[in-house]
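S.K.: Sequence plus predicted model, see below.
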Amino acid sequence: MTRIVVFGSLNADFVIDVAALPQPGETILGTNFRTVSGGKGGNQAHAAAKLAPPQITVVMVGRVGDDDAGNILREDLANAGADVSQIQRINGYPSGTALITVDQLGTNTIVVSPGANKTWDETAVVGVPLEPGDILVAQLEVPTIAVRTAVQYARSQGARVILNAAPVDPTVIDILAHVDVLILNEIEAEQLLGLSDLSPEHINATRSVFAGDLVITRGGDGVTVASHTGVITNIPPHRVSAIDTVGAGDAFVGGLAVALALESDICTAARHGNAAGALTATVSGARHPDLSPQQLHTLIGR
Ligand code: RIB
């Protein structure tokens, strides 16, 4: 049994659809309002659990508050097929909350109040079963000190590490030596690695900082994969009717993780992630409730 252990945030997403995103100081009226489960960690675990075959277990390591949202966040992941035994309830804290606006083009703004997600310390993940063949997936919506030890622990157990360094924290640079696959969007690639463009010269110039597989998601422009062997591959986007891109990047990470756990090469894994992200953008909310391997393969083969 292979494990994908996702360590990260769980948030209740409060989403309002708006005609156009508000300017600073502006009050506007929105249209629909909904509360859905989110958080980068939870979204990645959800996509991975939906796509994983029976021989792969997806374990969520996360923290929720002592509130109704915490119960729902846990139940939603359990219903998706994830192992939720490592989700802890923290008394005295609310669950993480994200305030999200989505405009008519699917563009969004997100503000996160971390709540229980911020209570992790350097003991996070230590003791969670991980062994060679397993994969740790982490993001940066929980304290970087906790991610640092989780990454080091995973490597000490012989597991591979995928880091989605979002939102960017520059101090994460010293963890990168222990990361196998680094996933960033274009803005994050510039913020963390100084990649102002994705020319081979610029990408190769980052090799002194990160020598693993670098995957850069570029929204409507597809994905760029710079493998640890130095090969750069551009993967085109899928042409889908996107209505809400919130969580699309997280589904990308979940889809890529499942493919890597099945021993795909990094480009094949990125193609799986690309399809998972595209499908998630066609539904409202950060998670596609019906994401399935069949859907993924149909889109990839189209
Ligand atoms: O990546 C999307 C996620 O970011 C949302 O679900 C929200 O909770 C924030 O964590």
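M.R.: It's in.
S.K.: And the longest helix belonging to the chain, what does it pack against?
M.R.: In the chain, with assignment by DSSP state H, the single longest helix is helix 266-281. With contacts defined as 3 or more C-beta pairs under 8 Å, 6 or more residues apart in numbering; DSSP states H and E, the packing partners of helix 266-281 are helix 40-51, strand 213-217, strand 223-226, strand 232-235, helix 248-261, helix 293-301. Placement of C-beta: from N, CA and C, glycine included.
S.K.: What residues sit buried inside that helix?
M.R.: 266-281 (16 or more other C-beta atoms under 10 Å).
S.K.: can you check stretch 18-29 too?
M.R.: Going by neighbour count (16+ other C-beta under 10 Å), the buried part of stretch 18-29 is Val18.
S.K.: try stretch 60-78
M.R.: 60-65, 67, 69-70, 72-74, 76-77.
S.K.: which residues are contacting it?
M.R.: For stretch 60-78, the surrounding residues in contact (C-beta atoms under 8 Å, 6 or more residues apart in numbering) are 5-12, 37, 39, 41-42, 45-46, 49, 82-84, 86-97, 115-117, 119-120, 124-125, 128, 150, 287.
S.K.: mind running it again at 6 Å?
M.R.: Here stretch 60-78 makes contact (C-beta atoms under 6 Å, 6 or more residues apart in numbering) with 6-7, 10, 12, 37, 41, 45, 82, 84, 86-91, 93-95, 115-116, 119, 125, 128.
S.K.: Quick one: mean pLDDT over that stretch.
M.R.: Throughout stretch 60-78, pLDDT has a mean value of 98.
S.K.: try stretch 144-156
M.R.: The predicted model assigns stretch 144-156 a mean pLDDT of 97.
S.K.: now do stretch 240-247
M.R.: For stretch 240-247, the per-residue pLDDT averages 91.
S.K.: tell me the SS of the nearest residue to Gln88 once chain neighbours are set aside?
M.R.: Leaving aside its sequence neighbours, Gln88 sits nearest to Arg63 (C-beta to C-beta, 6 or more residues apart in numbering; 5.0 Å). What DSSP: H, G, I helix; E, B strand; the rest coil gives for Arg63 is strand.
S.K.: next one: the one 10 residues further on
M.R.: For Leu73, the secondary structure call by three-state DSSP comes out as helix.
S.K.: What distance do you get for it to Leu51?
M.R.: Look at Leu73 and Leu51: by C-beta to C-beta, to the nearest Å, they are 20 Å apart.
S.K.: if you compare the helices and strands packed on helix 266-281, which one is most tucked away?
M.R.: The highest mean neighbour count among these, using mean count of other C-beta atoms under 10 Å, belongs to helix 40-51: a mean of 31.
S.K.: Now tell me what touches it from outside.
M.R.: Residues from elsewhere that reach helix 40-51 (C-beta under 6 Å, 6+ apart): 4, 6, 8-10, 58, 60, 62, 77, 80-82, 137, 139, 141, 247, 250-251, 253-255, 257-258, 276, 286-287, 291, 293.
S.K.: what's the neighbour count on Val209?
M.R.: Neighbours of Val209 under the rule other C-beta atoms under 10 Å: 14.
S.K.: What mean pLDDT does the helix or strand harbouring Gln88 get?
M.R.: Following DSSP states H and E, one finds Gln88 within strand 87-90. Averaged over strand 87-90, pLDDT sits at 98.
S.K.: What are the buried residues along the following helix or strand past that strand?
M.R.: Downstream of strand 87-90, the first helix or strand assigned by DSSP H and E is strand 96-102. Of the residues in strand 96-102, those buried by neighbour count under the rule 16+ other C-beta under 10 Å are 96-98, 100-102.
S.K.: Turn these into JSON lines, including distance to Ala159 and pLDDT.
M.R.: Below are those laid out as JSON lines (distance: C-beta to C-beta, whole Å; pLDDT from 0 to 100):
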{"residue": "Gly96", "distance to Ala159": "25", "pLDDT": "98"}
{"residue": "Thr97", "distance to Ala159": "31", "pLDDT": "98"}
{"residue": "Ala98", "distance to Ala159": "29", "pLDDT": "98"}
{"residue": "Ile100", "distance to Ala159": "32", "pLDDT": "97"}
{"residue": "Thr101", "distance to Ala159": "37", "pLDDT": "96"}
{"residue": "Val102", "distance to Ala159": "35", "pLDDT": "94"}
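S.K.: Let's have these in CSV, adding distance to Ile28.
M.R.: Putting those into CSV (distance: C-beta to C-beta, whole Å) gives the following:
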residue, distance to Ile28
Gly96, 25
Thr97, 20
Ala98, 19
Ile100, 14
Thr101, 9
Val102, 13
